[in-house]
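Q: Need the 3D shape of this:
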Amino acid sequence: MKKINILLAAICVVLTVSCEGFLDVKPSNSAAAETSITTAADAKVIMNGIMSKMTSYSYYGRNFIMYGDAKGGDFALRSQGRGLDALYTFNHSPSSNAYSGYWIQIYHCLAQVNNLLVNIEKIEAEGSSTNTLLIYKGQALTLRALMYFDLVRLYGKPYNMDKTALGVPLTLEPLDASAQPTRATVEQVYAQILKDLTDGAPLLEKKKTNGYINYYANMAIQARVHLYMENYSAALAAAETVINSKVYTLYTNDNWVRSWTAQFNTESIFELAILQGESDLGSGSLSFYLRRHGHGSTSAMGWFMASDYWLERMNQDPDDVRWGVMDYDESYRDTGVYRYGSCYKYSGSTTFEGDGKGSPTAVNIKVIRLSEVYLIAAEAALGSGNKEKAATYLQAIRKRSPNLAEATAANITVDMILNERSKELFAEGHRFFDMMRLNKTITFNDDFIYPMVVITHREKTIDRTFHKTILPISIDEMNANEAIRSQQNPGY
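A: Have a look, this model is predicted:
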């Protein structure tokens with residue numbers, strides 16, 4: 001009977017389920033999971049299922065990654081009606097294009113994490129815990145922190161803009177079907193994120209653990225969170241813990257391009273597996289959304305491409321190694337000019353090598369890489385007043401553009417670091433959030449796409465005071481949870 005319960009729990013976690021609203025965050029597998037998780041092996045089954053759920057198209061499998069670049073000015077559309085247009089156009093309302101899939105999917109993942117944590121705590125209370133089980137507890141706490149960090153960035157104002165503004169509901173245990181939790185403040189959500197990361201860190205392994213959260217993934221996420229909070233000393237300390245461990249090493253210029261053709265490379269601190277037959281989205285994948293129209297398949301519609309502004313940054317050095325994952329985009333059909341705006345990170349290469357699984361669309365998602373940690377360290381050091389250290393960390397990444405002037409204590413600026421983040425982390429979901437936390441204006445490449453795409457829901461240039469930089473709570477969620485009806489985000 002126990003084996004049957006474990007199988008049922010695993011199936012319920014792995015399969016994509018329908019979630020009608022916030023009240024449905026109680027996991028559909030709760031009855032089985034409450035009695036079936038008694039060993040570390042059981043916990044591993046559930047943890048694998050949680051990470052599989054994180055690769056849904058509504059989360060890291062596609063839409064969350066697309067959000068950061070489509071809204072951040074590094075992407076541009078070429079035509080309307082191909083998919084995810086509203087991310088670029090900011091055409092959001094509670095009843096239309098609310099993108100409630102983020103809310104539904106992340107809270108569903110959180111329900112699984114909370115269920116796992118409750119069961120592990122029961123085992124601990126019985127005195128039957130093991131070191132291996134505690135590792136899964138540390139992983140679950142770290143993943144919960146990451147999920148809440150993602151949610152609060154989507155639905156709450158930047159921490160340094162107004163931390164007293166509403167964030168998202170904090171659910172830390174399985175909910176009863178009648179529960180109606182209200183939104184915590186941004187500050188309260190960040191406090192819980194840091195608590196989970198701090199509690200989880202000492203439970204984790206200090207070695208490379210492909211496909212699973214380890215101590216260094218936790219510290220890398222801590223560095224990211226502290227940077228958003230402008231706690232520069234804490235961000236730098238966490239980043240240097242990862243860097244100085246030497247567990248991970250930066251790609252050299254010679255192997256940067258090839259790094260995308262393999263799984264769990266030397267920079268990959270936390271990577272979510274995309275498996276054929278399970279989480280491979282095929283023609284709906286990031287691979288298809290970013291490649292050239294018709295390239296490799298008639299189903300490839302050329303959804304998004306690099307903006308002129310991103311290309312201008314890259315064109316500062318024609319020998320930048322990162323050109324190696326770019327190819328010309330569909331604008332060639334109209335202009336006859338090769339414009340290298342199509343990104344092939346999620347195809348493995350411009351020739352669709354994939355990352356070793358035999359499918360060019362089943363390419364793992366690199367959630368956090370060592371290069372980002374170096375850039376966090378650079379920004380945090382600069383914010384702490386140590387320009388020399390900041391320049392050293394920035395130059396470690398900037399040298400991927402071999403013809404650019406070296407970063408030094410005399411010339412380093414926040415904008416230099418921000419530009420490097422744009423080039424290095426392109427199509428990895430960071431640009432919009434970087435622009436918001438740094439209180440920068442975003443200018444969109446609307447002139448490039450006109451008249452194929454006409455923008456009516458935002459101006460060409462926006463800043464973080466524009467209310468649509470934060471998503472609305474969907475009408476379905478408010479209908480399901482009347483307690484948050486009065487907590488809609490301003491402007492909606």
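Q: what sits against the residue nearest to Ala165 when sequence neighbours are not counted?
A: Nearest residue to Ala165, sequence neighbours excluded (CB to CB, 6 or more residues apart in numbering): Lys157, at 4.3 Å. (Each C-beta comes from the backbone N, C-alpha and C, glycine too.) Taking CB atoms under 8 Å, 6 or more residues apart in numbering, we find Lys157 in contact with Lys163, Ala165, Val186, Arg464, Ile470.
Q: Lys157 and Glu126: what is the separation?
A: When distance is defined by CB to CB, to the nearest Å, Lys157 is 43 Å away from Glu126.
Q: what does Ser95 give?
A: Counting by CB to CB, the gap from Ser95 to Glu126 is 48 Å.
Q: next one: Ala40
A: With CB to CB as the criterion, Ala40 and Glu126 are 14 Å apart.
Q: Show me which of these two is the more surrounded one.
A: Legend: neighbour count by other CB atoms under 10 Å for Ala40 and Glu126, higher for Ala40 (18 against 9).
Q: what about the closest residue to that one other than its chain neighbours, helix or strand, and which?
A: Of all residues not flanking Ala40 in the chain, Thr132 sits nearest, at 3.9 Å (CB to CB, 6+ apart). Taking DSSP states H and E as the criterion, Thr132 maps to helix 131-155.
Q: That helix packs against which elements?
A: Under the contact criterion of 3 or more CB pairs under 8 Å, 6 or more residues apart in numbering; DSSP states H and E, helix 131-155 touches helix 40-53, helix 101-125, strand 166-169, helix 186-200, helix 215-228.
Q: tell me which residues in it are buried?
A: Under the neighbour-count criterion of 16 or more other CB atoms under 10 Å, helix 131-155 has 133-155 buried.
Q: again with stretch 351-369
A: Result for stretch 351-369 [16+ other CB under 10 Å]: buried residues 352-355, 357, 359-369.
Q: Could you do stretch 64-83 as well?
A: Going by neighbour count (16+ other CB under 10 Å), the buried part of stretch 64-83 is 64-78, 83.
Q: Can you tell me which member of those has the lowest pLDDT score?
A: Among the buried residues of stretch 64-83, Arg78 carries the lowest pLDDT, at 81.
Q: I figured it hits Tyr332, correct?
A: No - under the criterion of CB atoms under 8 Å, Arg78 is not in contact with Tyr332, lying 11.1 Å apart.
Q: okay, and for the stretch 151-300 of the chain, where does confidence drop off?
A: Low-confidence segments of the stretch 151-300 of the chain, defined by pLDDT under 70: none present.
Q: rewinding a little: using JSON lines, please lay out the contacts of Lys157 together with distance to Glu267 and neighbour count.
A: Listed next are the contacts of Lys157 as JSON lines, based on distance: CB to CB, whole Å; neighbours: other CB atoms under 10 Å:
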{"residue": "Lys163", "distance to Glu267": "32", "neighbour count": "18"}
{"residue": "Ala165", "distance to Glu267": "35", "neighbour count": "17"}
{"residue": "Val186", "distance to Glu267": "31", "neighbour count": "24"}
{"residue": "Arg464", "distance to Glu267": "30", "neighbour count": "20"}
{"residue": "Ile470", "distance to Glu267": "31", "neighbour count": "22"}
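Q: and of the residues you listed, the nearest to Gly383?
A: Nearest to Gly383 out of the contacts of Lys157 is Lys163 (CB to CB; 17.5 Å).
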